[in-house]
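K.L.:
sequence first, predicted coordinates after that:
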Amino acid sequence: MKFAYKKSGMNQKTLLEAVTFEGVGVHSGELAKVVLHPEKENTGIRFMLKGVYIPANYRYVLGTDHATVLGKDGARVSTVEHLLGVLYMLGIDNLTVEFLRGNEVPIMDGSGYYFYKALKDKVLEFKEKTKILRLKDAFEVKNCKAYIRAEPSEGFCAFYRGYVRGIIDEGVARYCGNAKEVVFARTFCYEEDVELLLQKGLAKGGSLKNAVVIGKGIVYNPEGLRSKDEPIRHKLLDLLGDLSLLGFRLKGRVFSHMGGHSLNYQFVKALAESSLSTSSKSSLVSTP
Ligand code: ZN
């Protein structure tokens, strides 16, 4: 496996000012409040809960069951992926997400829309360049029929291909800088899985206001889908959020076939670890 590290043409970014989000956590059902604080160059993205800083990095992933959970020193924060996906699309690299209440990022309307809307005009660019990982060979991680494959490319693009039982036989969503076409897509679940999710202690804050619920060939939400392929686009948002846990930007094309949080995590971990073994560790450091 060959990799090259370099400073990209892209500059590091943070926010111009602090921004607050408040709302229910989709899994905990509890109210949460987070403040996004601007940070200086080379800080990275990190969460802060009761004085513990948790870097947004694959090394701190504690769980991937229906959400990405990060933790350190007994502190854990969950459902980080939609906010991280939006930050990735906005190119924001330096930020502290402080929890003032709860420990789950508010689900808002189930998409990245409210994060994107509040942050897009508050981006501050530094002179310092972003560190990127440039792929020189293809890299793939598989789990049965699902796989995630990355290939060398001059820019960054991500694709998600999958299906939604009874609704979409096959759909492909694409991100190549077109954030607006991805951020609006809400999370979804199947009606028959709701009971199991609740038994697992998940989805306690879930409702038709923050998730699309799909029955046998029908969508229960009265307003319907926001786009024909909304669930596929949402899986792409999840992928982008989880990819940000690499801790640096990827130069290449990433193609996910039926991947979910678990495979996203396996992909990021395997990619980071195989690049560590072929390159000096110092070149990888971009988060605290
Ligand atoms: Zn999601």
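P.N.:
Here it is on my side, so go on.
K.L.:
going by C-alpha atoms from here, please, whenever you check contacts or count neighbours.
P.N.:
Fine.
K.L.:
the stretch 51-200 of the chain: strands as residue ranges?
P.N.:
Using DSSP state E, counting those that start in this stretch, the strands of the stretch 51-200 of the chain run over residues 52-55, 61-63, 69-72, 75-78, 95-101, 123-135, 139-143, 146-151, 156-164, 168-175, 188-190.
K.L.:
residues contacting the last one, please?
P.N.:
Under the criterion CA atoms under 8 Å, 6 or more residues apart in numbering, residues A211, V212, V213, I214, G215, P231 lie in contact with strand 188-190.
K.L.:
what is the nearest of those residues to I54?
P.N.:
If you rank those by distance to I54 using CA to CA, A211 comes first, at 27.2 Å.
K.L.:
quickly note the distance from the closest one to G25.
P.N.:
A211 sits 12 Å away from G25, going by CA to CA, to the nearest Å.
K.L.:
picking up where we left off before, do you know which of the strands of the stretch 51-200 of the chain lies nearest the ion?
P.N.:
Closest approach to the ion among these (CA to the ion): strand 188-190, 7.8 Å.
K.L.:
most surrounded residue in the contacts of strand 188-190?
P.N.:
Taking other CA atoms under 10 Å as the neighbour criterion, V212 ranks highest of these with 28 neighbours.
K.L.:
so what's it up against?
P.N.:
Under the criterion of CA under 8 Å, 6+ apart, the neighbours of V212 are R186, T187, F188, C189, V219, Y220, N221, L225.
K.L.:
of those residues, which is the most crowded?
P.N.:
Per-residue neighbour counts (other CA under 10 Å) across these peak at R186, which has 27 neighbours.
K.L.:
find the residue closest to that one in space, skipping its chain neighbours.
P.N.:
Take R186 and drop its neighbours on the chain: the residue closest to it by CA to CA, 6 or more residues apart in numbering is S111, 4.1 Å away.
K.L.:
just the pLDDT for that neighbour.
P.N.:
On the pLDDT scale, S111 is placed at 97.
K.L.:
count the neighbours of it for me.
P.N.:
25.
K.L.:
wait, it touches V183, no?
P.N.:
Yes. When contacts are counted by CA atoms under 8 Å, S111 is listed as touching V183 (6.2 Å).
K.L.:
would you reformat the strands of the stretch 51-200 of the chain as a markdown table and include mean pLDDT and distance to the ion?
P.N.:
Formatted as a markdown table, the strands of the stretch 51-200 of the chain follow (pLDDT from 0 to 100; distance: least, CA to the ion, whole Å):
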| stretch | mean pLDDT | distance to the ion |
| --- | --- | --- |
| strand 52-55 | 98 | 20 |
| strand 61-63 | 96 | 14 |
| strand 69-72 | 97 | 12 |
| strand 75-78 | 96 | 12 |
| strand 95-101 | 98 | 18 |
| strand 123-135 | 92 | 23 |
| strand 139-143 | 95 | 20 |
| strand 146-151 | 97 | 17 |
| strand 156-164 | 96 | 13 |
| strand 168-175 | 96 | 14 |
| strand 188-190 | 93 | 8 |
